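K.L.:
Sequence and predicted model, in that order:
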Amino acid sequence: MANILKPPCDEGVIAAKPASHGVSSGFWVLAATILGSSMAFIDGTVVNVALPVLQKDLGATVGDAQWVMEAYSLFLAALILVGGSMGDHFGRRRVFGIGVVVFSLSSIICGLAPTVLVLILTRAVQGIGSALLVPGSLAIISASFGPEQRGRAIGTWSGATSITSALGPVLGGWLVQNASWRWVFFINVPLAVAVLIILFLRVSESHDESAARGLDWWGALLATVGLGGIVYGLIEAENLGLGSPLVLGSLVIGIVAFLAFLYLEVHVPDPMLSLTLFRSRTFTGANLLTLFLYAALGGALFFVPFDLIQVQGYSPTAAGAALLPMILILFFLSRWSGRLVDHYGAKLPLIIGPVIAAAGFALFAVPGIGGSYWITFFPAAVVLGLGMAISVAPLTTAVMGAVESRHAGEASGINNAVSRTAGLLAVAVFGIFAIVIFSSDLASRLSALNLSPSIQQAINNQSSKLVSIQLPSSLTGTTHLLIQQAIDMSFVSGFRLVMLISAGLALVSALSAAILIEGKKVSTQQIESPVTSSTA
């Protein structure tokens, strides 16, 4: 869900020569790219809302629920750069279409998944499809419209996809509540059919004829193994402990693969990740800010639906709508925040915005159990939305303005990969903190209830499920109610820690802006493609 707040990825599109299209063909280009992007945007927002219900239905642990998100994010984060390059080399329409097919077919299997393992594996395939699909939408637009029309076209794309991003959680919550979580995945199918019909009947093919770079397959492989090993080790540490040979081995493999990836990117002629761009202090600072701020956002928003649905008693529809104020504030204030750069430069907004976002995260830690939404979670959503609205456009401007215009597409792609990697790692790390606090707090509360050792052990053995713990059928009446209250309060304790960690990361992101990002104004004229505020 966090990634709906990320600027668009337009890897490899700057160097492309605009194709010649009429007005009518431009309409079909926008229709195909908006509908195609909407599949990924909707999926990226509604799955979070479905997780609590999905977890109970499939008997999944929190680690399993994390993998439902992480399997998708892992392959998207690792392959998004090479996915953009594939479109430049093999044809943007072709690669975009392949991404749509892979994404939609895997969505069908996700919806039919009989076990959580099948769901996790098909979510990984969905991530591969998204890595082909996501970079392609803006690449096709940039190749299809000349400089005079490109800004308006991307603006139209941005507005339409922002609406789908905002409505996605509400739609997903309604489907979960009134049909099944499985329909969250099935809704991609009619969109995919419409996209493919328009794409191959009305949209012309385009390549980047000036691109001489090869495809960095080894880099993509090492990035996937590196991120996969680290994430797997962190998630399994929740159950096995950090001292487990499996956990340690996975972490070592991941770290070694990641170091090998960095070494390769320095020495190969056509790297997937150009490390030379990080010689710019502003570019480095902006990406550090992205790493910390989007780690805070991704990790926090993973746990919000669990708290709202399983602890606070919200319906899935209400939980999906709970964060709508944040998304709407971001949407309506994005143009205003972009003008802040013209007046104050990028540095000041990138200090103030994350500080306000930190206050929003801290407000999420305040509510206990119960209370009106308007005095508990609504203020937190509003403050967080305001902080992110002040941050997003200046962040993109800082990233793009820190490099030469010919590297703008590559810089945007790197920043997108950083944001996705941040969320990927945060969900894994935050899960460790949440389970440790939950387990400790629950054990203490159960001891105070004077339960039999066997019942305490049966409950404590399920601590990896958090609020989805199944209580023994022998428990009834007051005892059952007291134990459930203990479970809920223990989750709130872990949830509060997660939100405070997010607040701390947001403050660190503001500090990175204060230290590294240059204070001079960055001219938006340096950016060849206008930047929007939503992506999958």
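P.N.:
Nice, I can see it.

K.L.:
now the helices: where do they sit in the stretch 301-450 of the chain?
P.N.:
Assigned helices in the stretch 301-450 of the chain, in chain order: 316-322, 324-344, 347-364, 373-401, 408-448 (criterion: DSSP state H, counting those that start in this stretch).

K.L.:
what does the stretch 101-250 of the chain give?
P.N.:
Counting by DSSP H, counting those that start in this stretch, the helices of the stretch 101-250 of the chain are 116-144, 147-178, 183-186, 188-202, 217-240, 245-267.

K.L.:
looking at those, which is buried most?
P.N.:
Greatest average neighbour count among these goes to helix 116-144 (a mean of 25), per mean count of other C-beta atoms under 10 Å. For glycine as for every other residue, the C-beta is placed from the backbone atoms N, C-alpha and C.

K.L.:
Show me what that helix is packed up against.
P.N.:
helix 23-58, helix 62-90, helix 92-112, helix 147-178 (3 or more C-beta pairs under 8 Å, 6 or more residues apart in numbering; DSSP states H and E).

K.L.:
before we move on, back to that, I'd like the helices of the stretch 301-450 of the chain laid out as JSON lines, including mean pLDDT and distance to R182.
P.N.:
Converted to JSON lines, the helices of the stretch 301-450 of the chain look like this (pLDDT from 0 to 100; distance: least, C-beta to C-beta, whole Å):
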{"stretch": "helix 316-322", "mean pLDDT": "89", "distance to R182": "13"}
{"stretch": "helix 324-344", "mean pLDDT": "81", "distance to R182": "24"}
{"stretch": "helix 347-364", "mean pLDDT": "95", "distance to R182": "29"}
{"stretch": "helix 373-401", "mean pLDDT": "90", "distance to R182": "27"}
{"stretch": "helix 408-448", "mean pLDDT": "85", "distance to R182": "22"}
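
K.L.:
Need these in CSV (columns: mean neighbour count and distance to V68).
P.N.:
Formatted as CSV, these follow (neighbours: other C-beta atoms under 10 Å; distance: least, C-beta to C-beta, whole Å):
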stretch, mean neighbour count, distance to V68
helix 316-322, 24, 16
helix 324-344, 18, 22
helix 347-364, 23, 22
helix 373-401, 24, 23
helix 408-448, 22, 10
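
K.L.:
among these, which is nearest V268?
P.N.:
helix 408-448 (14.8 Å; C-beta to C-beta).

K.L.:
Just the angle for the closest one relative to helix 217-240, thanks.
P.N.:
If you take axes from the mean of the first three to the mean of the last three C-alpha atoms, to 10 degrees, helix 408-448 sits at 10 degrees to helix 217-240.

K.L.:
Now the element after helix 408-448, going C-ward?
P.N.:
Per DSSP states H and E, helix 408-448 leads on to helix 453-460 as the next helix or strand towards the C-terminus.

K.L.:
tell me the angle that following helix makes with helix 408-448.
P.N.:
Using the same axes, to 10 degrees: helix 453-460 against helix 408-448 is 170 degrees.

K.L.:
can you list contacts of helix 453-460?
P.N.:
The contact list for helix 453-460, computed with C-beta atoms under 8 Å, 6 or more residues apart in numbering, reads S439, L442, A443, L446, S447, I469, L471, P472, S474, L475, I483, I487.

K.L.:
10 Å instead, please
P.N.:
For helix 453-460, the surrounding residues in contact (C-beta atoms under 10 Å, 6 or more residues apart in numbering) are 439, 442-443, 446-447, 449-452, 469-472, 474-475, 479, 483, 486-487.

K.L.:
Now do the buried residues in that helix.
P.N.:
I455, Q456, A458, I459 (16 or more other C-beta atoms under 10 Å).

K.L.:
likewise stretch 271-286?
P.N.:
By neighbour count on 16+ other C-beta under 10 Å, the buried set for stretch 271-286 is P271, M272, L273, S274, L277, S280, T282, F283, T284, G285, A286.

K.L.:
quick one: which of those residues is nearest to S137?
P.N.:
Checking the buried residues of stretch 271-286 one by one against S137 (C-beta to C-beta), the nearest turns out to be M272, at 20.0 Å.

K.L.:
Identify the residues contacting V231.
P.N.:
66-67, 70-71, 73-74, 77, 250-251, 254, 421, 424-425, 427-429.

K.L.:
distance of it from L293?
P.N.:
20 Å (C-beta to C-beta, to the nearest Å).

K.L.:
Equivalent analysis for I483, please.
P.N.:
38 Å.

K.L.:
Same check on I432?
P.N.:
Separation of I432 from L293 (C-beta to C-beta): 20 Å.

K.L.:
try I109
P.N.:
Counting by C-beta to C-beta - I109 and L293 are separated by 34 Å.
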